[in-house]
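1. What follows is a protein structure lacking sequence information:
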């Protein structure tokens, strides 16, 4: 039962990932693509947790920790560049 | 993964979180301009991530400390990036949707709206 | 759970390839910054792929370096020569 | 006086970092404690003047009780506004009336203002765009009123009620 | 899974090469180079992967006794770990040289650098 | 046009080689000889739970020393190249000011990022991560400081002091390995301790922490040098 629910959740997450990817591919302006990038990295954290659950290894969560704390830097760099503050 | 009550709850939380992630993706595609996309995209995905982390904590209770920390980091870093991005987008004079009713910031700074 | 991982690999690989193609092919206004951003996305997603391929050490290195450092180096150099971005458009009309 | 403030800010940062260290490691073995205290001390010394969750927090029992209430209130708002945004996104016609409104805050301390802006941003439907002095510029998905005072009452007051007691 | 990752890595290398060969702007060439670099890393890691095995880190789930049957080959991971870090150094060097060329010539177009052409 | 055609034909050739490689590739069913040795003996010989760390620091420690040296060379060449040339028209750049939110956010996030870096390289022998990752995370913390104040000047003296001090101690530990345990960079100069503790695996946590500090200082000096470049027209 719980396994089935995790499968359903993984399917929904993948759909969300592909939608955000569509926005990244299409995005009319550079800032739109940056939003899509942000969403993609947030969804990737869920992806890492799913991988850790599937493999049953808690040490994989350290990667999610680094991801959660560092992925926002990319967004800030681009945003500061776009507003000519770098 | 055994079928105890806790793991069922965890699975349900996981599905709820994934549904919010999907909502974020949908909002990202449907919303008309950048600010609304930030609202729909990064905000609902934050709640979605928190719910999936809670679900994982129910499925594997040993990991709950680290999962809680990941959630905290997401809560700390996420608003900063979207605020900086929104500010940059406004400063760039990005085109806003036709529906926009009022823009006090542009009025006060004298930028073109 | 093996099918789950395989399905995730497929989704990730599609995403990586799309990001790479965006990075190479993007044209128009601010195309240089989008190319750099897409290259950063390639390395961030590659780090999740490394995790699926059972290499958490490599995944962490790629996440720490691809996420901020590489993107930052590019943007810093680019910010110093903003004309270079505009020039690309003129150079590539052949 | 200045010296006392510096030492206390150093100590707050040190304490926060040590708590984070034990949380990260998930154990209280003797070697973890020793290494963690050394690392927190060095980083706190390098970042003197850095902020932490305890900076500017009023040292009264009421403030601590209110911070717990604040967390509960925040999560309630988070879930409520998420469902609100979900309704908008799923409605076929996209019933939007976006706009950037100006609201006023009474908070003075850096950490309190930070938490206010972050809370407003994290609840979907409202997003802090700019913050100058006592004015906050907030982008709303559905603007209820363009008047500053009414918007302040709608958006800011709920969080400010708690933060005012916590940070003064 | 190995084959999917291998194909992705090879395709990334090809895309990177294509970008580096067809673009005239120096910075775009460096971006393409970093993409090819990550493609090579993906290929090496994919070759090291073995189906049904897990990461070479021993803990409660994988004890030292059954490491032989449970873990994958650690050597490619060590190679790639160092390759990524060196890759950043190389990219930074290339960027600095591009900056210097721009300072001297005022352009980033590769077809304008004609000193070494004959 | 002819150039594009040449490039495409070259790519088709490379692609054919890749397809041939993929067709003939068969995954191994069991570990090869080297990997088997590492899998069997790492835990008993070095006491490190993370086999990748054990190989990186002990078995192939000399290569890691070389790699750190290459990185050092790269960062010093960047400093050298940027210091050459004319510097007469240095004008202070006019930048859009940083918002209050980023300034406040930086001052509580940067120490946490640094602490995470320290956690990653101190636990290198137990969890994924280690000196290189930790160094990169520390440099990312520096990057956050630089983003919130783009005109900030880091203390080059402090960075190069950390860099050379950790490098010196690293090499000295390696030499100590020859004297006390029989080979360069041997980790058994300290007791191996209990498997799985934070302080175990001999000198591995110490050496990896030094590598982390050194890599962090090298990346930071790269960032500092790049941030002090001048604007070009």
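-> Happy to help now that I have it. Remember, predicted model here, so these are calculated numbers, not experimental data.
2. quick one: the helices in chain C?
-> Under the criterion DSSP state H, helices of chain C are mapped to C:2-25, C:31-52, C:56-64, C:70-80, C:83-91.
3. right, so those: which one is the most enclosed?
-> Ranked by mean neighbour count under mean count of other CB atoms under 10 Å in any protein chain shown, the helices of chain C are led by helix C:56-64, which reaches a mean of 32. Glycine gets a C-beta too; all of them are placed from N, C-alpha and C.
4. What helices and strands are in contact with that one?
-> Counting contacts by 3 or more CB pairs under 8 Å, 6 or more residues apart in numbering or on different chains; DSSP states H and E, helix C:56-64 is packed against helix A:61-82, helix C:31-52, helix E:26-48, helix E:75-105, helix F:131-148.
5. Now do the contacts for the residue nearest the centre of chain C.
-> Centroid-nearest residue in chain C: residue C:39, 2.1 Å away (criterion: CA atoms, centre = their mean). By CB atoms under 8 Å, 6 or more residues apart in numbering or on different chains, the contact set of residue C:39 is C:19-20, C:23, C:70-71, C:74, E:31, E:34-35.
6. Count the residues that sit near the one residue in chain A that gets nearest to chain D.
-> Across chain A, no residue is closer to chain D than residue A:65, which sits at 7.9 Å (CB to the nearest CB). Using other CB atoms under 10 Å in any protein chain shown, residue A:65 has 24 neighbouring residues.
7. Distance check, it against chain E.
-> As judged by CB to the nearest CB, to the nearest Å, residue A:65 and chain E stand 16 Å apart.
8. my guess is that residue meets residue B:66, correct?
-> Yes. Here residue A:65 reaches residue B:66: they are 7.0 Å apart, a contact under CB atoms under 8 Å.
9. I'd like the distance between residue E:72 and chain F.
-> 8 Å.
10. Could you work out which of the helices and strands packed on helix C:56-64 reaches nearest to residue E:60?
-> helix A:61-82 (14.0 Å; CB to CB).
11. what mean pLDDT does that closest one have?
-> For helix A:61-82, the mean pLDDT works out to 87.
12. Can you tell me which helices and strands that helix packs against?
-> Checking 3+ CB pairs under 8 Å, 6+ apart, helix A:61-82 ends up next to helix A:30-55, helix B:64-91, helix C:31-52, helix C:56-64, helix C:70-80, helix F:100-122, helix F:131-148.
13. Any chance of TSV for those, columns mean pLDDT and distance to residue B:13?
-> What follows is those, written out as TSV (pLDDT from 0 to 100; distance: least, CB to CB, whole Å):
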stretch	mean pLDDT	distance to residue B:13
helix A:30-55	88	12
helix B:64-91	86	12
helix C:31-52	88	22
helix C:56-64	88	25
helix C:70-80	85	33
helix F:100-122	84	26
helix F:131-148	87	30
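14. Indicate which one of these is closest to residue F:186.
-> So among these, helix F:131-148 is nearest, using CB to CB, at 17.6 Å.
15. Show the subsequent helix or strand relative to that closest one.
-> Counting by DSSP states H and E, the element after helix F:131-148 in chain order, helix or strand, is helix F:156-181.
16. Just want the angle from that next one to helix F:131-148.
-> 170 degrees (axes from the mean of the first three to the mean of the last three CA atoms, to 10 degrees).
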